[in-house]
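In: coords please:
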Amino acid sequence: MINPEIKTRVLIVEDEKDIRRFIRMALEDMGYEIMEADNVRRALIEAASRQPDLVVLDLGLPDMDGLHFLKDFRNWSDRPVVVLSARSMEADKVEALDSGADDYLVKPFGVKELLARVRAQLRRGAQQSSPMENQLQFGEIAIDLGRRVVERNGAFLHLTPIEYRILTFLASQPDRVITYRQLLKGVWGLAHGEDIHYVRVHMANLRKKIEEKPSQPRHLITEIGVGYRFVC
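Out: Reported below is the predicted structural model:
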């Protein structure tokens with residue numbers, strides 16, 4: 001059982017004082033316990049010693065690139081990492097997400113959006129720390145992982161094996177941005193890491209079966225130029 005007296009711990013890794021203070025105040029208002037670091041070396045010490053539940057990470061840090069923190073952190077922790085960066089190029093987003101980030105926000109950002117992303121990642125982290133249930137449900141769709149069956153309002157929904165694997169891969173990681181490469185490796189295997197057109201074709205077919213309005217999806221969301229995000 002979760003002890004309500006134990007606060008959720010968030011590590012903010014940001015070298016600009018004003019931005020760090022702004023983020024800290026917003027998160028403290030949510031009741032989180034905040035730790036701070038202004039460079040990668042300090043961040044790794046804080047992360048190892050304080051064991052945060054979530055990390056908010058800038059990439060442009062004075063001693064080394066924030067990706068160094070991310071790659072080191074992923075060697076020993078699966079806690080969610082939300083990147084906040086002025087780097088807006090798709091290649092930068094993909095590199096951070098492929099390196100282990102769970103979400104990516106471009107500066108300048110709105111505080112409401114930041115808090116929503118943080119809450120979503122903390123929910124996902126709590127779900128992953130619990131035993132995986134045999135059933136996933138969203139909207140009218142239910143996935144029975146044990147029977148490998150998908151239903152809409154109790155009626156059997158026919159998916160191809162690839163469509164089923166795409167759906168379950170995304171649905172098992174709600175609110176996380178999954179890059180094309182991550183999805184390809186997870187569904188097709190290492191040999192297909194660059195075949196993005198495979199994903200787009202099968203995703204279009206999957207949306208026709210899953211989404212009420214495939215052209216305006218509610219659950220299988222495109223992150224343009226990067227990949228997809230599953231939303232319950």
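In: roughly how far does the nearest residue to Leu157 once chain neighbours are set aside sit from Thr168?
Out: Once flanking residues are discounted, Leu157 sits nearest to Val150: 4.6 Å by Cβ to Cβ, 6 or more residues apart in numbering. To be clear about C-beta, it is placed using only N, CA and C from the backbone, and glycine gets the same treatment. From Val150 over to Thr168 the distance is 9 Å, taken as Cβ to Cβ, to the nearest Å.
In: between these two, which contacts overlap?
Out: Ile143 (Cβ atoms under 8 Å, 6 or more residues apart in numbering).
In: ok, back up a step: now do the SS call for the residue nearest to Leu157.
Out: State at Val150, reduced to three classes by DSSP: H, G, I helix; E, B strand; the rest coil: strand.
In: and it, how many neighbours?
Out: 21 (other Cβ atoms under 10 Å).
In: residues contacting it?
Out: Counting by Cβ under 8 Å, 6+ apart, Val150 touches 141-144, 156-157, 159, 164, 167.
In: got the domain ranges for the chain?
Out: Per the record, the chain has its domains at 9-129, 135-230, by automatic domain parsing.
In: show me where the protein has strands.
Out: Under the criterion DSSP state E, the chain contains strands at 9-13, 33-37, 54-57, 81-85, 103-106, 135-138, 141-144, 149-152, 155-156, 177-179, 220-223, 227-230.
In: which of the ones you listed comes out lowest on mean pLDDT?
Out: Ranked by mean pLDDT, these bottom out at strand 135-138, with a mean of 87.
In: excluding chain neighbours, give the residue nearest to Ile142 in space.
Out: For the record, residue 142 is Ala, not Ile. Ala142 sits nearest to Glu151 (Cβ to Cβ, 6+ apart), 4.9 Å away.
In: Leu105 too?
Out: Leu105's closest residue in space is Leu84 (Cβ to Cβ, 6+ apart), at 5.1 Å.
In: that neighbour against Val56, yeah?
Out: Yes. Here Leu84 lies in contact with Val56, judged by Cβ atoms under 8 Å, at a distance of 6.1 Å.
In: can you give me the helices in the chain?
Out: Along the chain, counting by DSSP state H, helices occupy 17-29, 40-50, 66-73, 90-98, 111-129, 161-171, 180-187, 196-210.
In: show residues contacting the third one.
Out: Applying Cβ under 8 Å, 6+ apart, the external contacts of helix 66-73 come out as 13, 40, 43-44, 47, 55, 57-61, 79, 81, 83, 85, 95-96, 99-101.
In: go again with 7 Å.
Out: Residues outside helix 66-73 that contact it (Cβ atoms under 7 Å, 6 or more residues apart in numbering): 13, 40, 43-44, 47, 57-59, 81, 95-96, 99-101.
In: pipe these into CSV and attach distance to Glu113 and neighbour count per row.
Out: Formatted as CSV, the contacts of helix 66-73 follow (distance: Cβ to Cβ, whole Å; neighbours: other Cβ atoms under 10 Å):
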residue, distance to Glu113, neighbour count
Val13, 19, 30
Val40, 25, 23
Ala43, 23, 29
Leu44, 27, 16
Ala47, 24, 22
Leu57, 16, 26
Asp58, 16, 24
Leu59, 18, 21
Val81, 17, 28
Glu95, 22, 16
Ala96, 17, 25
Ser99, 22, 17
Gly100, 21, 18
Ala101, 16, 26
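In: still on that earlier bit, and the strands of the chain as CSV, adding distance to Lys185?
Out: Shown next, in CSV, are the strands of the chain (distance: least, Cβ to Cβ, whole Å):
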stretch, distance to Lys185
strand 9-13, 27
strand 33-37, 31
strand 54-57, 23
strand 81-85, 19
strand 103-106, 19
strand 135-138, 21
strand 141-144, 21
strand 149-152, 23
strand 155-156, 29
strand 177-179, 10
strand 220-223, 17
strand 227-230, 12
